[in-house]
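Colleague: model this:
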Amino acid sequence: QVQLVESGGGLVQPGGSLRLSCVGSGISVGPYGMTWYRQAAGKQRESVAIIPSSGELFSGLTTTYADSVKGRFSISRDNTKNTVYLQMNNLKPEDTAVYYCNVRRGGIDYWGQGTQVTVSS
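Modeller: Alright, predicted model coming up:
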């Protein structure tokens, strides 16, 4: 059974940083592209950052980011820990949302339960 568990959210002041983690079980995160999404209250879920599979990275594909987070967020993967990270710097109030990680395997989308990030003074 595939499970993704996010952690690392919380309350932070504008300009602060957080690092989110997404740990996989029942699936190895290395062979798959992994995506961080977020959903703010009353808004649609949006893709924030994508990291290709380890093989695709080796072949030259790169990580991609939503324009709103470019230069501030960084997605990475530690295959030894079966974990994907989202480093978020210079956070802004508009980054407030529930953050989810996602993997698609065999045509099925798997989601974690989400972690709340609130940016407020």
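Colleague: residue 88 and residue 9: what is the separation?
Modeller: Using CB to CB, to the nearest Å, we find residue 88 at a distance of 10 Å from residue 9. Just so you know, the C-beta spots here come from the backbone N, C-alpha and C atoms, and that holds for glycine as well.
Colleague: who's more crowded, these two?
Modeller: Between residue 88 and residue 9, counted using other CB atoms under 10 Å, residue 88 has the larger neighbour count: 26 against 18.
Colleague: spit out the contact partners of the more buried one.
Modeller: 17-20, 69, 72-73, 95, 117 (CB atoms under 8 Å, 6 or more residues apart in numbering).
Colleague: any chance you could map the strands in the protein?
Modeller: Along the chain, counting by DSSP state E, strands occupy 3-7, 10-12, 18-25, 34-39, 46-51, 64-65, 73-78, 83-88, 97-105, 108-111, 115-119.
Colleague: mind checking the end-to-end distance for stretch 37-55?
Modeller: Taking CA to CA, to the nearest Å, stretch 37-55 runs 22 Å from one end to the other.
Colleague: where in this protein is pLDDT low?
Modeller: Of all residues in the chain, none has pLDDT under 70.
Colleague: neighbours of the residue nearest to residue 112 when sequence neighbours are not counted, how many?
Modeller: Excluding the flanking residues, the one nearest residue 112 by CB to CB, 6 or more residues apart in numbering is residue 4, at 3.7 Å. By other CB under 10 Å, 22 other residues sit near residue 4.
Colleague: could you double-check that residue 4 lies in contact with residue 22?
Modeller: Yes - if you go by CB atoms under 8 Å, residue 4 and residue 22 touch, sitting 5.5 Å apart.
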